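Asks: My questions concern the predicted model and sequence given below.
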Amino acid sequence: MIVFDTLQAHQRTSALRAGIELKLFTAIAAGARTPEALAGPCGASAKGLRVLCDFLTIIGFLTKDESGYRLTPDSELFLVEGSPAYMGGMASFLFHPFMEKGLGNMTGAVRKGGTVLPAEGSVSDDNPVWVEFARGMAPLTVPSAEVLSQHTAGSGPLKVLDIAAGHGMYGLTIARRNPAAEIHALDWKNVLAVAYENAVKFGAAERWHAIEGSAFTTDFGSGYDAVLVTNFIHHFDIPTNTNLFKKVRAAMKPGGKMAIVEMAVNDDRVTPAGAGMFAMTMLTSTATGDAYSQREIESMCTSAGFHSVAHHGVPDTPQTVTIALS
């Protein structure tokens, strides 16, 4: 029954969260198969682990046989620490108390038409949630970063501005594809520290340059061949984004490329489902943010003076990479 299942849906989230926090999936991957064997590495009671593992089996994250519990292919790929596709780090961002507080007052956000959280909601320079985001969400960016880099990296000298760089993976993927690319990453100081760590890991630290501050008030500099605006405009309303794009265009070379990554909804605003539901995240966590359609993104670009706008889907994700020429 959809009503009862939805009223109980929070249990699924809490169970997955517990499994990640207890490092349950990593312990099973290491060979612990029973509640008693899991108790030590997970630091939990055998009874508690038996109930948790059974619940995770029922909802599809584990399997169970006479010898104990096993991982599913998805759990092995995405929930075992050390896996290149590990997504457990996302939990620290998605389950951050700040985000939970916004979702917990959805009724108030619906009445208001924006978050009831203080100030500008999640969009503030001292909000620790963005450090959690930078550390935890990087694996999720791999598919869209690859599509973006295919359309922007080119060859030869390339000056790139990575706005709200976060983990820095979009600019760094370009740097990996084009050894002559110089990346200028703009974000708040505490977040840039995470991006710099990734630049070191990519072996691109000498071609990576930090610009501390806000995308709306900080001087970008000029002469950019490419500007990246990734998973950012959904925090703001259309007029704010259009003005930002005008500022971006003024910092670019003629014929340069602005690359936008977004959870773009279709015109019906309910498909694809992941992008459609993302609007609720923006409603509860930002003052004016939303999920935008490809048509709305294109309109913002052309209103700011860009042309030849093209959208590129990201396989197996609800994201879209939009390329616009200055």
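Replies: Alright, I've got the coordinates. Residues are numbered from 1 along each chain as shown.
Asks: and stretch 172-183, which residues are buried?
Replies: For stretch 172-183, the neighbour count (16 or more other Cβ atoms under 10 Å) marks 172, 173, 174, 175, 176, 177, 178, 181, 182, 183 as buried. The C-beta positions use only the backbone N, C-alpha and C, and glycine is treated the same way.
Asks: Sorry, slip of the keys, the one I care about is stretch 193-206.
Replies: Neighbour-count burial for stretch 193-206 [16+ other Cβ under 10 Å]: 194, 195, 196, 198, 199, 202, 204.
Asks: try stretch 241-260
Replies: 241-242, 244-245, 247-249, 251-252, 256-260.
Asks: In CSV: these, plus distance to residue 150.
Replies: As requested, those are exported to CSV (distance: Cβ to Cβ, whole Å):
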residue, distance to residue 150
241, 24
242, 27
244, 24
245, 22
247, 26
248, 21
249, 22
251, 23
252, 20
256, 17
257, 12
258, 16
259, 10
260, 15
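Asks: Just the ones in strands from the residues you listed, please.
Replies: If you go by DSSP state E, those have 252, 256, 257, 258, 259, 260 in strands.
Asks: okay but the second one is in contact with residue 227, surely?
Replies: Yes - when contacts are counted by Cβ atoms under 8 Å, residue 256 is listed as touching residue 227 (7.1 Å).
Asks: coming back round to it: and of the buried residues of stretch 241-260, the nearest to residue 146?
Replies: Nearest to residue 146 among those: residue 259, at 12.3 Å, using Cβ to Cβ.
Asks: Now do the closest one, the pLDDT please.
Replies: Note on residue 259: pLDDT of 98.
Asks: May I have the beta-bridge partners of it?
Replies: Beta-bridge partners recorded for residue 259 (DSSP bridges): residue 228, residue 323.
Asks: can you pull the contacts of it?
Replies: 148, 151, 152, 170, 226, 227, 228, 229, 230, 321, 322, 323 (Cβ atoms under 8 Å, 6 or more residues apart in numbering).
Asks: State the helix or strand in which the fourth one lies.
Replies: If I follow you right, that is residue 170. helix 169-177 (DSSP states H and E).
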